[in-house]
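Asker: Sequence and predicted structure below; questions after.
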Protein chains: 4
Amino acid sequence: MCRWLAYTGSPVLLTDVLYTPVHSLIDQSLHSELGAETTNGDGFGVGWYDTTPAPGVFRSIEPAWNDQNLHELAGHVRSHLFFAHIRAAIGSPVQQSNCHPFRHGRWLWMHNGFIGGFAAVKRDLVLAVDEALYPEIKGGTDTETLFYLALSFGLEHDPPGAVAQAIGFVEACGRQRGVEYPFQGTIATSDGESLWAFRYSSEGKSRSLFFTRDVRRLRQQYPDREILREVSDDTRLVVSEPIGDLPGAWVEMPEAHYGVVTKGGDQLMPFAPQPPPKAP
Amino acid sequence: MCRWLAYTGSPVLLTDVLYTPVHSLIDQSLHSELGAETTNGDGFGVGWYDTTPAPGVFRSIEPAWNDQNLHELAGHVRSHLFFAHIRAAIGSPVQQSNCHPFRHGRWLWMHNGFIGGFAAVKRDLVLAVDEALYPEIKGGTDTETLFYLALSFGLEHDPPGAVAQAIGFVEACGRQRGVEYPFQGTIATSDGESLWAFRYSSEGKSRSLFFTRDVRRLRQQYPDREILREVSDDTRLVVSEPIGDLPGAWVEMPEAHYGVVTKGGDQLMPFAPQPPPKAP
Amino acid sequence: MCRWLAYTGSPVLLTDVLYTPVHSLIDQSLHSELGAETTNGDGFGVGWYDTTPAPGVFRSIEPAWNDQNLHELAGHVRSHLFFAHIRAAIGSPVQQSNCHPFRHGRWLWMHNGFIGGFAAVKRDLVLAVDEALYPEIKGGTDTETLFYLALSFGLEHDPPGAVAQAIGFVEACGRQRGVEYPFQGTIATSDGESLWAFRYSSEGKSRSLFFTRDVRRLRQQYPDREILREVSDDTRLVVSEPIGDLPGAWVEMPEAHYGVVTKGGDQLMPFAPQPPPKAP
Amino acid sequence: MCRWLAYTGSPVLLTDVLYTPVHSLIDQSLHSELGAETTNGDGFGVGWYDTTPAPGVFRSIEPAWNDQNLHELAGHVRSHLFFAHIRAAIGSPVQQSNCHPFRHGRWLWMHNGFIGGFAAVKRDLVLAVDEALYPEIKGGTDTETLFYLALSFGLEHDPPGAVAQAIGFVEACGRQRGVEYPFQGTIATSDGESLWAFRYSSEGKSRSLFFTRDVRRLRQQYPDREILREVSDDTRLVVSEPIGDLPGAWVEMPEAHYGVVTKGGDQLMPFAPQPPPKAP
């Protein structure tokens, strides 16, 4: 439905990641190869961390491929951790408040996929959102609802646990309403220091997700690539669909797994939804 | 906060009502005189009835004063009953799904004013919306919430009763949350045949509302005005703020009253919110 | 680069032509099959004739496939002659003043293709536009420039002659600047009564163009199709790319030809640019 | 017609200048006090210099007061020299390519005012633009035309001389076409190192323009203001209309003068248009 990209590592100009590579995310807004839709033209967003407390978010309802302001921003903003998302809307209106990434405090959140039978379960899900968080919901997407569910389940303290409970709750509500496959997708979230990426679907056929191999290994493989010498050892990209022209640079995230990129080292772990005992 | 206009009578080109008169609604988007805000530049909308089953709705986030498409539409669309609204946003995002008028089936709905302490009471109100109607809510405004509350309370069968219960419910919820004046505003609604207009506020100092005197009396007063000879006897305009240059043409809707313009004749009646025994 | 559609015949709701058919123009905004680009998401426009003197024009920079206002307009506006255009921008900004169709008085104009080396020849072309018309140019596209050139060469009096001179002038200017193939494309223009459609390129490999067979013949071929019984004998569609599901309904416009649909009967004629003796 | 602001000095977050002060430029988009129009809601733009070769430019057709992306950008971008402009359109369409500031290489340009009788003289002016620069003109405003005229007259080498010739040429062309007062306005331009601001009108009644007093003097006057201790001695603001709450902080630019803020010190000089011997 959508395509996204998350970067963490040495500070770079956004344009070097979003526009420069072969088959870049901006190219994918017109010509995605692995997406459920080839065109992702229903708005876009970028979220980036810098020295200010909360991340910046720039979202627009124009297609990314021709957006002058995105082009300008990407050419002037540097960040060590940023998200970018291009949208193919399925049902909810094309409006800024429905564009990813979503933000709460220092947290960013984006998603490629959907909540099955969302019209039928939306009310159940929204009711389970913490009352204090409820007024912050500004749009109407399944993704934003899932974000506020995860926040209600403790995203800020235990991201994998909260996402497991949020998706578990989505599956429980969906099945109660007769939805066969209640959740589909890949998710990225961050607090500005660590980056979590999830791949899961009730059906067991999740949307594609890839991350870059260790930079040190890539340098050995491509000793002539200047970009690899410039970025730090801990630089990582996570993407819906590979970009660039370095065969062997990408590893597919396994089905029903999540990864975390953090200062203490990276981890790849199995993921399973965890039906909450009750609504939060 | 906003300005609106409702027309019912002989079919006219929208432009003759929206653009042509002195101090027209489009002028008021830049220079309102009676509004809480002088500028109403946060989007606009028109809704019009014709021979198709549901009314057409055209809404945009641009200011009305410079919108080329509104200008074109108004110059080519004729209608016997239409709504127009210009918005001054207070809190909720400037997006198409937050522009008035709102539509459900054959019903249109628009509002000038606000629900007091909306962030605090929104959840209570949304929960009271009929479950079958809930998925139709696309935006985040107080007005759309009130519309779906009124629909849940039976707007389609008894408009004054449903509006009285909806506002009564808003007042009850608001007071429970410590809101001194939970409702403020004027409302227009229609099913394409009759037009209802309400003026009420918890504080007893409601936003302004005016309707035109009987056309036959106006013809006597202004025998030279061609427009008055052209329109039918039952033509009526209801507006937040008078337009045109005919002194004596407008009557102020009294505080806490509502009017209905219908085939069986017009009526002006007192209005009082009616706290519902329980949520619908 | 773009896709377009022109309709003339019995008055119809725009939606019946723009949205209802299989592989409709709106579908083509996401998935064109014959276009130079598969996605035509850089804005759109419709222009329609009714009883008012000048045609209405509705243009937007959003992709057509998700535009609510286009959907509403098409469901409420009837016309006996209308144009629709979806844009894939090549160089000039995505802005309303660059969306087709263009209008001058009662005339509409739209185009699929390009002027080769436009940046190099634009100044020469714009200088040749009649001084009185020059201030009407609001955007920056090759198509609008060509329209004002054609108007300067007498479009309103002799459309085929004026278009031949305009394209002849474009070819002369282009070749002077070393452009190998100065013109490419298909053009539609109308005064609200007749419809002219041109297919020509300097290279001799013009963008595709199709028109519907005679309605009487189609009725014999498809006796069960209600729509064919409803429309008048003189109804015609001209399109960049066939729509609907009636094999045999479409005839390809031959290379370097133009057609005119008018009250006195239709004509198909060879087209050749005519280098003007001098700038107009 | 418009309002603008130019800042040069210590690097600051844009938000500290654009949003924080009392009666800020963003406030003026809704409620200007000295402008020809009280509302400046027809788009806006910011241009800022940083370490990349060309300045960044962010322009939008939404009103500035409610634009989320401007708010985000201003909260995350720091610059030592930036322009901001809010537009009240008079004639030319509300589109990104008509929003100020305009950019050519390292140069930015913005304007409050108008070229008198622009429709009548536009062709003469555009013809005088250097042929190599002509293809860069993307919009249709008088301001952009004036910018490219000034560039054609040597803006990059002698800004005051080029502006004098550009305005002189505008006056000459205007008078030839019977325009009584061919030019009105204030202009800011920069190459990223120095800042030039002009105030001039053919009528001798120019739009207002103000600049800040010397920071050292302001610190003596307001010893408690933290902001004054933070910014460097050479910090300057030039504005259409004073912002903030420091009486005595602003000096009005005299009629028919220009100022330059540069490393070698500031200068205030008389300005007079200089009719060029011939078109450039």
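Answerer: Structure received.
Asker: From here on, just use CA atoms for contacts and neighbour counts.
Answerer: OK.
Asker: Number of residues surrounding A:His80?
Answerer: Look at A:His80: counted by other Cα atoms under 10 Å in any protein chain shown, it has 18 neighbours.
Asker: pLDDT score for it?
Answerer: Here, the pLDDT recorded for A:His80 equals 96.
Asker: near chain C, anything from stretch A:57-72?
Answerer: Yes: Stretch A:57-72 is in contact with chain C by Cα under 8 Å from any Cα of the partner chain, via A:Glu62, A:Pro63, A:Asn66.
Asker: what's the spacing between the first one and chain D?
Answerer: When Cα to the nearest Cα, to the nearest Å is applied, the distance between A:Glu62 and chain D equals 12 Å.
Asker: How about the secondary structure of that residue?
Answerer: In three-state terms, and counting by DSSP: H, G, I helix; E, B strand; the rest coil, A:Glu62 is coil.
Asker: Looking at the lengthiest strand in chain A now, give me its mean pLDDT.
Answerer: Ranked by residue count and defined by DSSP state E, the top strand of chain A is strand A:3-13. Per-residue pLDDT over strand A:3-13 has a mean of 95.
Asker: quick one: contacts for the closest residue to chain C within chain A?
Answerer: Among the residues of chain A, A:Glu62 lies closest to chain C, at 6.5 Å counting by Cα to the nearest Cα. A:Glu62 makes contact with A:Gly41, A:Asp42, A:Gly43, A:Phe44, C:Glu62, according to Cα atoms under 8 Å, 6 or more residues apart in numbering or on different chains.
Asker: Buried residues in the longest strand of chain A, which are they?
Answerer: Neighbour-count burial for strand A:3-13 flags A:Arg3, A:Trp4, A:Leu5, A:Ala6, A:Tyr7, A:Thr8, A:Gly9, A:Ser10, A:Pro11, A:Val12, A:Leu13 (criterion: 16 or more other Cα atoms under 10 Å in any protein chain shown).
Asker: Nearest residue to the third one in space, ignoring adjacent ones along the chain?
Answerer: Closest residue to A:Leu5 apart from its sequence neighbours, by Cα to Cα, 6 or more residues apart in numbering or on different chains: A:Val239 at 4.4 Å.
Asker: Distance check, that neighbour against chain B.
Answerer: 29 Å.
Asker: Tell me, how many residues neighbour that residue?
Answerer: For A:Val239, using other Cα under 10 Å, the count is 27.
Asker: do the same with A:Gly105
Answerer: Number of residues near A:Gly105 (other Cα under 10 Å) recorded here: 10.
Asker: excluding its backbone neighbours, what's nearest it?
Answerer: Nearest to A:Gly105 is A:Ala54, by Cα to Cα, 6+ apart, at 6.0 Å.
Asker: for the worst-scoring helix or strand of chain A on mean pLDDT, packing partners?
Answerer: Least confident helix or strand of chain A, by mean pLDDT, DSSP states H and E, is helix A:226-230 with a mean of 82. Contacts defined by 3 or more Cα pairs under 8 Å, 6 or more residues apart in numbering or on different chains; DSSP states H and E place helix A:226-230 against helix A:215-221.
Asker: which parts of chain A sit against chain B?
Answerer: A:92-93, A:95-97, A:119-120, A:122-123, A:127, A:131, A:134-135, A:138-140.
Asker: From those, pick the one nearest D:Phe58.
Answerer: A:Gln96 (17.0 Å; Cα to Cα).
Asker: Just confirm A:Gln184 is within a strand.
Answerer: Yes: counting by three-state DSSP, A:Gln184 is part of a strand.
Asker: what's near enough to touch it?
Answerer: A:Gln184 sits in contact with A:Gly113, A:Phe114, A:Ile115, A:Gly116, A:Tyr200, A:Ser201, A:Ser202, A:Glu203, A:Ser206, A:Arg207, where contact means Cα under 8 Å, 6+ apart.
Asker: Burial check on the last one, number of neighbours?
Answerer: Around A:Arg207 sit 22 other residues, with neighbours defined as other Cα under 10 Å.
Asker: returning to what we had before: mind checking which of the contacts of A:Gln184 are buried?
Answerer: Buried members of these, counted by 16+ other Cα under 10 Å: A:Gly113, A:Phe114, A:Ile115, A:Gly116, A:Tyr200, A:Ser201, A:Ser202, A:Ser206, A:Arg207.
Asker: Reformat these into CSV and put secondary structure next to each item.
Answerer: Shown next, in CSV, are the buried ones among the contacts of A:Gln184 (three-state DSSP):
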residue, secondary structure
A:Gly113, strand
A:Phe114, strand
A:Ile115, strand
A:Gly116, coil
A:Tyr200, strand
A:Ser201, strand
A:Ser202, coil
A:Ser206, coil
A:Arg207, coil
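Asker: Give the burial count for A:Lys263, as a bare number.
Answerer: With other Cα under 10 Å as criterion, A:Lys263 counts 10.
Asker: typo on my end, it should be A:Ala197
Answerer: With other Cα under 10 Å as criterion, A:Ala197 counts 26.
Asker: Not counting its neighbours along the chain, what's nearest it?
Answerer: A:Ala188 (4.4 Å).
Asker: Give me the secondary structure label for the one you found.
Answerer: Quick answer, by three-state DSSP: A:Ala188 is strand.
Asker: What is the burial count for it?
Answerer: 24.
Asker: contacting residues for it?
Answerer: A:Ala6, A:Leu108, A:Trp109, A:Met110, A:His111, A:Leu195, A:Trp196, A:Ala197, A:Phe198.
Asker: and the residues you listed as a markdown table, adding secondary structure?
Answerer: Shown next, in a markdown table, are the contacts of A:Ala188 (three-state DSSP):
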| residue | secondary structure |
| --- | --- |
| A:Ala6 | strand |
| A:Leu108 | strand |
| A:Trp109 | strand |
| A:Met110 | strand |
| A:His111 | strand |
| A:Leu195 | strand |
| A:Trp196 | strand |
| A:Ala197 | strand |
| A:Phe198 | strand |
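Asker: are any of those buried, and which?
Answerer: For the contacts of A:Ala188, buried by 16+ other Cα under 10 Å: A:Ala6, A:Leu108, A:Trp109, A:Met110, A:His111, A:Leu195, A:Trp196, A:Ala197, A:Phe198.
Asker: Settle this for me: A:Ala172 is touching A:Pro275, isn't it.
Answerer: Yes: if you go by Cα atoms under 8 Å, A:Ala172 and A:Pro275 touch, sitting 6.7 Å apart.
Asker: Tell me which other helices or strands the top helix by length along chain A touches.
Answerer: Ranked by residue count and defined by DSSP state H, the top helix of chain A is helix A:159-176. Helices and strands touching helix A:159-176, by 3+ Cα pairs under 8 Å, 6+ apart, are helix A:118-127, helix A:142-152, strand A:183-190.
Asker: OK, contacts around A:Leu30?
Answerer: Neighbouring residues of A:Leu30 by Cα under 8 Å, 6+ apart: A:Thr38, A:Thr39, A:Asn40, A:Gly41, A:Trp65, C:Thr39.
Asker: Most widely separated two among those?
Answerer: Longest span within the contacts of A:Leu30, Cα to Cα: A:Thr38 and A:Trp65, 13.3 Å.
Asker: which residues do those two both contact?
Answerer: A:Ser29, A:Leu30.
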